[in-house]
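Asks: pasting the sequence and the predicted coordinates here, then a few questions.
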Amino acid sequence: MAVNAILMASVAAIGFSAASLLALLGGELGVRGRSYAAAFAAGILLALAFVDLFPEGLELGGEAAVAGFVGGFALLFMTEAFTRAHTHHQPDERVHKHALVPFVIGLAIHNLADGFVLGVGAKAGAVTSWLVGLGVLVHQIPVGISLAAVLLAARVGRAGVMRMAVSLGLAIPAAAALTVAFPAPGEGTLGLLTGVAGGVLAYIGAAHLLPEAQAEDTNTPAGILFVATLIVTAAGLTALQHAA
């Protein structure tokens, strides 16, 4: 069972990293291209935050998930308010690279939580392990794509893309292996962490990516892309949850 969990976690990591490496194919994007990439990523991240992570955190930790979500969102806002890290930028400027730090931290927490879930599923039985693993794999593809879109919008170099894609992907099997080897964290703790990840990703999507999507003067297509991505991702996550 432990082997199943680590194997499925590794497959999920490969799916996430492969989707993330799409950023290597994007080349240098113009203002409009970065606007579309930011709109696409914002739709995915906000759907993940409000349709997947927050409800899952509530199921696991109840009020702890609410505190984690609000705390993660508020902490990023207050950090930027006091440090003036995030200011309005002109359309020809790139996405602020400082935004990548909380974004990557949020994805790391998210991937670690998925690894924990896989480890816990392995302890429940072989069939459960494979079903949970399949769900995590499907779930990780849009997460990886959102990372690719953000990296494209921020014009991160090829070495940086490779480093982020691989390291964030490895967080999944690492967490699964630790959960199998040691007692799993309590549901309250996991719910709190899931809530924090949701709050962080919601803030990045709303405060950084949506303004970037509107940086192009002719931003109607980007707005349509954001709404379409939000709806499609939310519908897909909901269908996946019902199937599980």
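Replies: Alright, I've got the coordinates. Numbers count the residues shown, from 1 in each chain.
Asks: leaving out the residues flanking it, which one is nearest to residue 115?
Replies: Distances taken as C-beta to C-beta, 6 or more residues apart in numbering put residue 175 closest to residue 115, at 2.6 Å, once the chain neighbours are dropped. Just so you know, the C-beta spots here come from the backbone N, C-alpha and C atoms, and that holds for glycine as well.
Asks: next one: residue 194
Replies: Using C-beta to C-beta, 6+ apart, the nearest residue to residue 194 is residue 57, at 3.7 Å.
Asks: close enough to count as contact, the one you found and residue 198?
Replies: Yes: with contacts counted by C-beta atoms under 8 Å, residue 57 reaches residue 198, the gap being 6.2 Å.
Asks: next, the residue nearest to residue 115: phi, psi?
Replies: Main-chain dihedrals, residue 175, degrees, to the nearest 10: phi -70, psi -40.
Asks: shared neighbours of residue 57 and residue 198, anything?
Replies: 65, 68, 69 (C-beta atoms under 8 Å, 6 or more residues apart in numbering).
Asks: in strands, which of these fall?
Replies: Judged by DSSP state E, the subset of the shared contacts of residue 57 and residue 198 located in strands is empty.
Asks: okay, residue 57 and residue 198: which has more neighbours?
Replies: More crowded of residue 57 and residue 198, by other C-beta atoms under 10 Å: residue 198, with 32 against 28.
Asks: separation between that one and residue 50?
Replies: Going from residue 198 to residue 50 by C-beta to C-beta, to the nearest Å gives 7 Å.
Asks: in which helix or strand would I find residue 8?
Replies: Using DSSP states H and E, residue 8 falls within helix 2-20.
Asks: would you mark the buried spots in that helix?
Replies: Residues 4-20 are the ones in helix 2-20 that count as buried (16 or more other C-beta atoms under 10 Å).
Asks: now swap in stretch 170-183 and tell me
Replies: Buried residues in stretch 170-183, counting neighbours by 16+ other C-beta under 10 Å, are found at 170, 171, 172, 173, 174, 175, 176, 177, 179, 180.
Asks: in CSV, list the residues you listed along with secondary structure and distance to residue 149.
Replies: Formatted as CSV, these follow (DSSP: H, G, I helix; E, B strand; the rest coil; distance: C-beta to C-beta, whole Å):
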residue, secondary structure, distance to residue 149
170, helix, 21
171, helix, 19
172, helix, 20
173, helix, 24
174, helix, 25
175, helix, 24
176, helix, 26
177, helix, 29
179, helix, 30
180, helix, 33
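Asks: in JSON lines: these, plus pLDDT and distance to residue 150.
Replies: Output for the buried residues of stretch 170-183, formatted as JSON lines (pLDDT from 0 to 100; distance: C-beta to C-beta, whole Å):
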{"residue": "170", "pLDDT": "89", "distance to residue 150": "19"}
{"residue": "171", "pLDDT": "88", "distance to residue 150": "17"}
{"residue": "172", "pLDDT": "86", "distance to residue 150": "19"}
{"residue": "173", "pLDDT": "87", "distance to residue 150": "23"}
{"residue": "174", "pLDDT": "88", "distance to residue 150": "22"}
{"residue": "175", "pLDDT": "85", "distance to residue 150": "22"}
{"residue": "176", "pLDDT": "81", "distance to residue 150": "25"}
{"residue": "177", "pLDDT": "85", "distance to residue 150": "28"}
{"residue": "179", "pLDDT": "76", "distance to residue 150": "28"}
{"residue": "180", "pLDDT": "75", "distance to residue 150": "31"}
